[in-house]
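Asker: give me the fold of what follows.
(chains A and B)
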Amino acid sequence: MPSRRPDGPPAWAEKILIANQRLETRTRFIRGDLREEYDTRRGRWPRPFVDLWYVGQVLSLCLQLPPSRWNRSPANVAETVLQDVRFGARSLRRSWVFTATAVGTLALGVGATTAVFSVTDSILFEPLAYPDADRLAVIDTNTGGPGWYGASQPELRDFRERLGAFESLGAGGRRRVTLNDSTAPRRVDVALMSSEVLPLLAVPPALGRVFTAGEDLPGGPNVLVASHAFWRQELGGDPDALGSTLSLDGAPVEVIGVMPEGFAFPDGDVIGWAPLRLDPVNPNSRANHNYAVIGRLRPGVSYEAAAAELAVHTARVREAYPENYEVRGYRTRLQSLHESTIGSTRRPLLLLLGGALLVLLVACVNVSNLLLARGDARETELAVRGALGAGRLRVARQLLIESGLVALAGGVVGLALAFAGIRGLVALAPSELPRLEGVAMDGRAALVSLGLVIGSLLIIGLVPALHGVRGDLRAALGATRGGSARRSKPLRRALVISQLSLAGLLAIGAGIMLRTLSNLYDTDLGFRPEGTLSVTVSPAGSRYPDAADRNAFYREVLTRIEAIPGVENAGAHLQRPLDPQSQNWSLATEDAPPANISEAPDSWAQITTPGYFDAMGIALLEGRLYAEADGADAPPVAVVSRTMARVLWPDEPALGKRFRMFAEGWPWVEVIGVVADVRAHGIDRPAEPRFYAPHAQAYRSAYFTPLEMHITVRAPGDPAGVAGPVRSAIAAVDPTAPVSDVRTMERRVVASVANRRFTAALLQAFGAVALVLAAVGVYGVMSLAVSDRARELGLRKALGAPDSSLVGMVLRESLVLAVAGALLAVAGGAALGRLIRSLLFEVEATDPLTLGVVGLVLTATAALAALVPAARASRVDPMEVLRAEG
Amino acid sequence: MPHPQSLGEFEQLVLLAILQLEEGAYAADIRREIEERADRSVSRGALYATLDRLEQKAYLRWETETSTPARGGIPRRRFIVTPTGIEALRASLEAILRLSRGLEALPIG
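Answerer: Okay, the predicted model is just below:
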């Protein structure tokens, strides 16, 4: 005991009493009373006993005196709160069906929101894992055509010389190469980087070194900095692997370094980083926009300042090279690396986050409604407590604490659901979603779910708590059974309407996404994906140095494939529809020769074997397709797409016209046929001009003869089933040529809309959950309405109303709720549609079909949920009701 | 009805004890009085809460008396039942009496 007065009780115990009851002047008297008794007992007992007695009295007083009467010192409040918690837990345990429903509902909402937040946060908001990542920037350019792309080598040189905002600027690209190791040759991706890129990302290698400026020049050594995963899996995780040699595309490459785990630039699919080797002496054309540009800003330079400098620079360059930019224009864009990585995934992810929040909101409203119903049922209890001296605040606090317990339990269960949900989301997510490898539940997500719990507590707790304090004993006790004081009826209806409208909103979101998907699937692609298999063949350049060798290889391979039973025909081609496209070339037409490259029209180049059109199912509209006869030595010919025919020769038929590459020394190519447009860039992207050149003539008419090609095989019976024979056929011609990316075209089409399918699937799930919750809400309200009106229903029945009219009454009432909810949902849907317009395809948020179906679904849900209460209404026994009334 | 609230049993006991103690109704004495005469233990917290409640209902009031050295210099309260309190007590006791009329021969045990 720290201090004690010579003749008084322990000072610390008195202090507790004073502190506990400081605000009450009356406390003084209590202290005096205790002191008097203390002194009396001091005469009879040994001091330690008296002290003990005194402490016991103080503690029991602190526990017994209700704070609303006495005061609100922290210790006192804590004690009574604890009492309330104990009481609340007991009462929740007693009504476990209610508790389980409420906790489960809330857990769904919290779990869904936390899971989606984790994914969204990791992808959108978490800073990139580079030191000072907020100084990394990406520059894109556009010189005509849709979208943004990289810079050309001269443009990159301009940036380096003129942009003072950057400390360092580099360029990059990627290449798929054949890796020859102990197993079969495989295709792998290597990132090609100028020597500045790895140093400016500022992540040092885990082992060895990165390549230097000197090694980056043409003719420099063949070196590779391996990714951590590649080093571990393919090089055995052995530090001695440094200095070892790999075979990439048949050439020896020395491993000089290993990057640390988690380093994934530009993404996690590359096995390593190799020098890009731009030739500073003979840069290639200003029109070849092949290089992604990344830079690090000087310290203290903002993105805005850098963008402003870039804009001025761009205008100057445009002036300086009119032959390149006058007609086509020259635009540039500076983005943070973070922004550029996230790209277009921001909107769908935020949409999903919004969807999950709506589910949480519906869940909260539901639990709120449940608590309100429970509050109604407990009206008598609450009124009695009020009469016995529990202040209104105390009653409100009791209700709030019960809500808090529900919210807490919901939060804990929801967190567990979120853990499972994150795994599910990552497994389901389309692989093109960036930064997927970094998605995990982290402290931030946990904090957010805590915030969600508190937020939902405020929503679910406040309504019943505010409602509960308006208790009126006489009303509650004096009411007869049939007409009990169900004051919260309008409020509960409002809650149910808001639930229905939120669920309807989610259903509209899911509906228009489904319409979008169905429109995408129904779109005429310009080719027939069904019944076709597509593979990629990558022979080694060393084995097929000449155009003739390559032609012969593919002719032989295709002959063997077409001999496979079940295969109708097959064709090889440079580019595959729906893959990322390349080779957008500037052309010159014979009729209107362009003065410079800026005036030259451009078109996407496709180089194919003659069988490609039939194998892919591309329809011939005019003229003829090329054949084997249009061989290496025959006059150069081409087939053009309808859009190319329209754009290049708007007023005349394209057949017989001639065009050539916009470069010196290339021969004129004659248009011999026009084919249907192919949506090569994506189902939702319009077709662009495209021409097809025969593989056999490409070395003369189209810059080069491709070595790596895709082969499309039409086997209508079982396209996936011919995969094995196709592999064997290729291996029979060249066992060293890797065959990769074996998939049916139909699966590729589906995969190309994976982002939207993901969004649609999640929105559907959210919509379904919200609908079920709303149905529970409708059920609750209608049940209550029926038991409230039991007397009226009984009277009506006694007066001869048929059962059907009673059922109709209840159903009508729930339909009113549904219609109100549907109207609100439609209003919200219009706003939603504007937010997600970029995700939609040939459908508006005001799509009448979607709105109609959602209206029907809401109505049906409300009707179904009201069926049981309605049936109960028809079974009301008039005698029983009237007897209870008497 | 000026005072619709009825008196609880413990409230009745407290009011009765104060009346019994006449001029000497201090908290400690009220407690002792109830414990001895009604033969039940009284928790200090319950007593203070009840005194406070009765005071708020205006059934009793108190006067502050300057202290004696025995209380460590702290003043004490002397409780007095107000006329309203007496009326409420009477009403509630009469109700009990009326209801128990004719039940004098209630079997014990």
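
Asker: what's around whichever residue of chain B sits closest to chain A, how many residues?
Answerer: Distance from chain A to each residue of chain B (C-beta to the nearest C-beta) is smallest for B:G45, at 2.4 Å. C-betas here are computed from N, CA, C, even on glycine. The local packing count at B:G45 equals 18, with neighbours defined by other C-beta atoms under 10 Å in any protein chain shown.

Asker: then A:G800?
Answerer: A:G800 is flanked by 7 other residues according to other C-beta under 10 Å.

Asker: quick check: mean pLDDT of stretch A:742-752?
Answerer: Within the predicted structure, the mean pLDDT of stretch A:742-752 is 90.

Asker: wait, doesn't the residue of chain B closest to chain A sit right on A:L61?
Answerer: Yes - between B:G45 and A:L61 there is a contact under C-beta atoms under 8 Å: 5.2 Å.

Asker: for the host helix or strand of the residue of chain B closest to chain A, packing partners?
Answerer: Assigned by DSSP states H and E, B:G45 belongs to helix B:44-56. Helix B:44-56 sits against helix A:47-64, helix B:9-21, helix B:27-37, strand B:60-65, with contacts defined as 3 or more C-beta pairs under 8 Å, 6 or more residues apart in numbering or on different chains; DSSP states H and E.

Asker: next, the angle helix B:9-21 makes with it.
Answerer: 80 degrees (axes from the mean of the first three to the mean of the last three C-alpha atoms, to 10 degrees).

Asker: rounded mean pLDDT for helix B:44-56, please.
Answerer: For helix B:44-56, the mean pLDDT works out to 84.

Asker: quick one: buried residues of that helix?
Answerer: Neighbour-count burial for helix B:44-56, with 16 or more other C-beta atoms under 10 Å in any protein chain shown as criterion, is recorded at B:R44, B:G45, B:L47, B:Y48, B:A49, B:T50, B:L51, B:D52, B:R53, B:L54, B:E55.

Asker: repeat for stretch A:856-870
Answerer: Taking 16+ other C-beta under 10 Å as the neighbour-count basis, stretch A:856-870 is seen to contain the buried residues A:V857, A:L858, A:T859, A:T861, A:A862, A:A863, A:A865, A:A866, A:P869, A:A870.

Asker: tell me which residues are up against that stretch.
Answerer: If you take C-beta atoms under 8 Å, 6 or more residues apart in numbering or on different chains as the criterion, stretch A:856-870 is touched by A:500, A:503-504, A:507, A:771, A:774-779, A:782-783, A:785-786, A:806-807, A:810-811, A:813-815, A:817-819, A:821-822, A:825.

Asker: elements contacting the helix ranked longest in chain B?
Answerer: Longest helix of chain B, by residue count under DSSP state H: helix B:83-100. Taking 3+ C-beta pairs under 8 Å, 6+ apart as contact, the helices and strands that helix B:83-100 lies on are helix B:9-21.

Asker: can you list contacts of the helix it packs on?
Answerer: B:7, B:25, B:29-30, B:33-34, B:37-38, B:46-47, B:50-51, B:53-54, B:59-60, B:79-81, B:85-86, B:88-89, B:92-93.

Asker: swap in 7 Å and give it another go.
Answerer: Contacts with helix B:9-21, where a contact means C-beta atoms under 7 Å, 6 or more residues apart in numbering or on different chains, come from B:25, B:29-30, B:33-34, B:38, B:46, B:50-51, B:54, B:59-60, B:79, B:81, B:85, B:89, B:92.

Asker: and those, which are buried?
Answerer: The neighbour-count test (16+ other C-beta under 10 Å) marks B:25, B:29-30, B:33-34, B:50-51, B:54, B:59-60, B:79, B:81, B:85, B:89, B:92 as buried among the contacts of helix B:9-21.

Asker: give me the most central residue, chain A.
Answerer: When chain A is reduced to its mean C-alpha position, the nearest residue by C-alpha atoms, centre = their mean turns out to be A:L349, at 3.4 Å.

Asker: now do the strand or helix carrying that residue, average pLDDT.
Answerer: Under the assignment given by DSSP H and E, the secondary-structure element containing A:L349 is helix A:346-377. Confidence over helix A:346-377, taken as the mean pLDDT, stands at 83.

Asker: name the helices or strands packed onto it?
Answerer: Packing contacts for helix A:346-377, counted by 3 or more C-beta pairs under 7 Å, 6 or more residues apart in numbering or on different chains; DSSP states H and E, involve helix A:96-120, helix A:392-428, helix A:443-468, helix A:489-522, helix A:754-788.

Asker: and the angle for the helix or strand hosting A:L811 with helix A:754-788?
Answerer: Using DSSP H and E, A:L811 sits within helix A:803-835. Regarding helix A:803-835 and helix A:754-788, their directions subtend 150 degrees when assessed with the same axes, to 10 degrees.
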